[in-house]
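**Q** Structure of the sequence below:
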Amino acid sequence: MAGTEQPETRIASCPCGNVTLELAGKPIVAATCYCESCQQAGQMFDALPGAPGVVEADGGTPYLLVRKDRIAWMTGTDRIEDHRLKPDSPTRRFVATCCNAPVALEFTKGHWLSVYAGRIAEDERPPVAMRTMTKDRPAGVEFADDLPSYATHSGKFMWKLLAAWAAMGFRAPPVEKTTGWSRYAGG
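**A** Numbers count the residues shown, from 1 in each chain. Sure thing, here's the model as predicted:
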């Protein structure tokens with residue numbers, strides 16, 4: 001149809017291609033997180049056999065944040081395992097057991113999914129817009145560019161999350177590990 005825009009889509013995939021996740025629409029933000037939890041989880045994942053790294057040399061973990069109502073597991077949901085740093089943690093990370101690749105991180109009470117940038121083809125990744133939680137970066141790490149860097153979650157970061165939540169009608173759908181979910185969870 002003339003004049004009808006097609007939604008922007010990306011595919012996140014584990015390196016072996018067995019687990020795929022479709023991301024529809026414009027991302028909330030592309031950010032790199034330096035929090036202690038992301039660094040700890042990244043070190044844990046690095047210890048898994050054959051796992052691709054998710055933490056960069058400067059201690060940051062790049063993510064693409066997307067609305068939960070705009071994701072759909074395409075393949076491999078039977079190969080996804082949850083990882084939590086603590087049993088009662090509201091944060092769970094999805095790891096593809098076929099190649100030990102971290103795919104995404106979910107704040108279970110939130111309305112977004114943080115997809116590890118390395119799971120998205122480089123030519124489909126938007127550039128990183130900001131760094132968050134830089135107060136936790138490893139000692140001696142200095143940033144050589146003019147990318148906005150915030151010690152905690154900045155007002156700009158929080159505004160982007162709030163605007164996305166409002167656009168979702170203030171819903172926070174759960175992330176189900178079933179093929180074809182959400183298509184797109186009523187969004």
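
**Q** From start to finish, how long is stretch 17-28 in a straight line?
**A** When the termini of stretch 17-28 are compared using C-alpha to C-alpha, to the nearest Å, they are 25 Å apart.

**Q** In this protein, what residue spans correspond to helices?
**A** Chain-ordered helices for the chain, with DSSP state H as the definition, fall at 36-46, 155-167.

**Q** who touches the first one?
**A** If you take C-beta atoms under 8 Å, 6 or more residues apart in numbering as the criterion, helix 36-46 is touched by 51, 53-55, 59-61, 83, 85, 91, 93, 95, 100, 102, 105, 133, 136, 138. (Glycine included, C-beta is placed from N, CA and C.)

**Q** Show me how to select, in ChimeraX, the buried members of those residues.
**A** A single ChimeraX command selects the buried members of the contacts of helix 36-46 (16 or more other C-beta atoms under 10 Å):
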select :51,54,55,59,60,61,83,91,93,95,100,102,105,133,136
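
**Q** Which members of the contacts of helix 36-46 are positioned in strands?
**A** When these are checked against strands using DSSP state E, the ones located there are 61, 83, 91, 93, 95, 102, 105.

**Q** out of everything not next to it in sequence, what's closest to residue 63?
**A** Using C-beta to C-beta, 6 or more residues apart in numbering and skipping the chain neighbours, the partner closest in space to residue 63 is residue 114 (4.1 Å).

**Q** wait, isn't that neighbour in contact with residue 68?
**A** No. Judged on C-beta atoms under 8 Å, residue 114 makes no contact with residue 68 at a distance of 10.7 Å.
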